[in-house]
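>>> My questions are about this predicted structure, shown below with the sequence.
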Amino acid sequence: MTETFLDKAYTARDTDSTRQLYDDWSASYEVEIGENGYATPKRCAEALAEFAPDKSLPLLDFGCGTGLAGLALRNAGFETIDGVDLSSEMINQAKSKNIYRTLTQIEPDTDIGENHMLMSAVGVIGAGAAPISTLDKLLHALPSKGLLVFSFNDHALAESENIGRLNEWLDCGAAVLLFSEYGDHLPGQGINSTVYVVEKA
Ligand SMILES: C[S@@+](CC[C@H](N)C(=O)[O-])C[C@H]1O[C@@H](n2cnc3c(N)ncnc32)[C@H](O)[C@@H]1O
């Protein structure tokens, strides 16, 4: 049987091979994960909408990919969305959706600024994508009282380091957990995810 991109996606890898995976996957990504009922973008967008005080505030969609999370965020009422991603080919796909105010290709050490009171990282942190240090990067960049919505799929939840890092932020009061819900991620593959909304202290 031919190996799909989803088969390859959950192997931990370095920055260059992660970028290569998503550059190669960009043209068929939406079809493949759409066939598997990708549910996390809508769940994340609706969770953030529940807590966001003002949906016109600029929102940074980190690891925006082809724009599926941006689309769900737009459908949930968010008006001003900036997208950043490691893969220029994923960004090229996102451009055609015309939902992002800006789209920027970034490297792991790119400074993402501190200009967004709202942030999302949907399907981004965990094996096969961005490392858990990304959670620190996002929470450090988030201004006080800013909100971050993100997801850990079952593969990310299985790595204790990921929940451990989130708990480090929560246990010392540097961030507050507003929402956490386990549910569908890719039902066609039997994979679930937990969606979190946290507020920076
Ligand atoms: C599974 S896709 C999710 C894309 C989109 N958020 C969605 O829900 O469809 C993961 C995305 O994270 C991006 N990514 C992986 N590591 C990254 C990093 N260190 N910085 C920025 N983006 C990264 C990949 O290029 C890819 O587009």
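Arrived safely. Numbering: from 1, shown residues only.
>>> which element is whichever residue of the chain sits closest to the ligand on?
Closest residue of the chain to the ligand, C-beta to the nearest ligand atom: residue 65 (2.6 Å). To be clear about C-beta, it is placed using only N, CA and C from the backbone, and glycine gets the same treatment. Using DSSP states H and E, residue 65 sits in no helix or strand.
>>> Three-state assignment for residue 185, please.
strand (DSSP: H, G, I helix; E, B strand; the rest coil).
>>> so what's it up against?
Counting by C-beta atoms under 8 Å, 6 or more residues apart in numbering, residue 185 makes contact with 38-40, 123, 151, 153-154, 191-193.
>>> Outside of stretch 47-63 itself, list whatever touches it.
Residues from elsewhere that reach stretch 47-63, judged by C-beta under 8 Å, 6+ apart: 69-70, 73, 76-86, 100-101, 112, 115-125, 129-130, 134, 138, 147, 149, 178-179, 181, 195, 197, 199.
>>> Would you confirm that residue 9 contacts residue 128?
Yes - when contacts are counted by C-beta atoms under 8 Å, residue 9 is listed as touching residue 128 (4.4 Å).
>>> so what sits against both of the two?
residue 21.
>>> Excluding covalently adjacent residues, which one is nearest to the residue of the chain closest to the ligand?
Counting by C-beta to C-beta, 6 or more residues apart in numbering, residue 90 is the residue found nearest to residue 65 once chain neighbours are left out, at 4.6 Å.
>>> And for residue 146?
Per C-beta to C-beta, 6+ apart, closest to residue 146 is residue 117, 4.4 Å.
>>> What does the one you found show for phi and psi?
As for residue 117, its main-chain torsions (degrees, to the nearest 10) stand at phi -80, psi -10.
>>> mind listing the helices for this structure?
Taking DSSP state H to define them, one finds helices in the chain at 5-9, 15-25, 29-35, 40-51, 68-75, 88-95, 133-141, 154-158, 160-171.
>>> any weak-confidence spans in the chain?
Within the chain, the ranges that satisfy pLDDT under 70 run 1-2, 12.
>>> Stretch 32-48 and the ligand, any residue contact?
Yes - counting by C-beta under 6 Å from any ligand atom, the ligand is contacted by stretch 32-48 at residue 41.
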